[in-house]
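Novice: next comes the sequence, and after it the predicted model I'd like to discuss.
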Amino acid sequence: MFSKLLIPDTVDYMIAGYVVITVGIGIYLASLIARWKKTTEEYRRYTGERD
Amino acid sequence: MKAKPRLLTALDILSFLMVLTAAGLVFYYAPVEKLMGAVQKVFYFHVATAWVGMLGFLVAAAAGIFYLRRGEEQWDIVGVSAVEISLVFFLIAIIMGSIWARPIWNTWWTWDPRLTTASIVELIYAAYMLLRSGVDDPERRARFSAIYALFGFISVPLTFISIRLLRTIHPIVIGSAEAAGQGGFNMDAPMKMAFFFSLAAFSVFFADLLWHRIRLGELKAAVESLRVKSFQEEK
């Protein structure tokens, strides 16, 4: 009668956890790319270097 | 301006594939833990991000030692890069842990020794970034950052051993014969595989991000010296 163990439904929390890591890393990567572009533009402005 | 090294491109691809494989192992290979359900899968990336956080703080402390010994700006760039990445990953680990705790401990947060020491670590390194930005002289800033990173690192092993020394509800999954705490569990072979692969994948991803962030730091330093030069020429 009690042999079948019910697994608790905690899928929403799992999804929330993985949304946090995806969004968190995504924001950090976007900030790295934006800063790289901005600094590259500045560097080119000073040196006159082109692509 | 230095061209992007081929090895870095290879590392980009490798880290992407490894993180993707780790996610595949977590979702499709590791079984669902019977007492906690699907939320237990948060554990794999929660530990991996916390590990990367601690690894970065260790790199920053080592870079601090090198800076104090050699006085080369390069080591200051390595230190601040490692701290910046680790702050992000450690914050993610804390938030993921809180999400896991809600259904398992029936609370989002409790002032348990592990949670408290982890929060202190995050605040110590957030202060590192804030205090750095308040020092204008590059040499003083680098020296201050090196010393701060060394002393700040004391908090990292304290966080690691807090659950092993103090009374806590945080589970000890690694290095414990019995799964302790509330929400502890023993890992079977597929779980161990997903866990250790996630650790390896995030370590490679950290190395990749660190290399990118160091390149950005070097470029910023080059721009700064060009700015100073052009200012002096204008005078």
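Specialist: Received it, and whenever you're ready, just let me know what you need.
Novice: helices along chain B, start to end?
Specialist: Under the criterion DSSP state H, chain B carries helices at the ranges B:6-24, B:42-70, B:73-105, B:113-133, B:138-152, B:155-165, B:189-234.
Novice: got the angle for the fourth one vs helix B:73-105?
Specialist: With axes from the mean of the first three to the mean of the last three CA atoms, to 10 degrees applied, the angle from helix B:113-133 to helix B:73-105 works out at 150 degrees.
Novice: and chain A, is helix B:113-133 touching that?
Specialist: No - using CB under 8 Å from any CB of the partner chain, helix B:113-133 stays clear of chain A, coming no nearer than 13.2 Å. Just so you know, the C-beta spots here come from the backbone N, C-alpha and C atoms, and that holds for glycine as well.
Novice: other SSEs contacting that helix?
Specialist: For helix B:113-133, the packing partners by 3 or more CB pairs under 8 Å, 6 or more residues apart in numbering or on different chains; DSSP states H and E come out as helix B:42-70, helix B:73-105, helix B:138-152, helix B:155-165.
Novice: recalculate using a threshold of 6 Å.
Specialist: Helix B:113-133 is packed against helix B:73-105, helix B:138-152, helix B:155-165, with contacts defined by 3 or more CB pairs under 6 Å, 6 or more residues apart in numbering or on different chains; DSSP states H and E.
Novice: how about it: buried residues?
Specialist: B:113-115, B:117-119, B:121-122, B:124-125, B:128, B:132 (16 or more other CB atoms under 10 Å in any protein chain shown).
Novice: how much does it deviate in direction from helix B:138-152?
Specialist: 170 degrees.
Novice: quick revisit: adding distance to A:Y18 and mean pLDDT, write the helices of chain B out as TSV.
Specialist: Shown next, in TSV, are those (distance: least, CB to CB, whole Å; pLDDT from 0 to 100):
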stretch	distance to A:Y18	mean pLDDT
helix B:6-24	8	97
helix B:42-70	7	96
helix B:73-105	8	96
helix B:113-133	20	94
helix B:138-152	30	95
helix B:155-165	24	85
helix B:189-234	12	94
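Novice: make JSON lines from those helices and add distance to A:D12 to it.
Specialist: Formatted as JSON lines, the helices of chain B follow (distance: least, CB to CB, whole Å):
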{"stretch": "helix B:6-24", "distance to A:D12": "18"}
{"stretch": "helix B:42-70", "distance to A:D12": "11"}
{"stretch": "helix B:73-105", "distance to A:D12": "9"}
{"stretch": "helix B:113-133", "distance to A:D12": "22"}
{"stretch": "helix B:138-152", "distance to A:D12": "36"}
{"stretch": "helix B:155-165", "distance to A:D12": "27"}
{"stretch": "helix B:189-234", "distance to A:D12": "21"}
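Novice: between those helices, which one is closest to A:T10.
Specialist: helix B:73-105 (4.7 Å; CB to CB).
Novice: chain A contacts on chain B?
Specialist: B:1, B:34, B:37-39, B:41-42, B:45, B:88, B:92, B:95-96, B:99, B:103, B:216, B:219-220, B:223, B:226 (CB under 6 Å from any CB of the partner chain).
Novice: are any of those buried, and if so which?
Specialist: For the residues of chain B next to chain A, buried by 16+ other CB under 10 Å: B:37-39, B:41-42, B:45, B:88, B:92, B:95-96, B:99, B:103, B:216, B:219-220, B:223.
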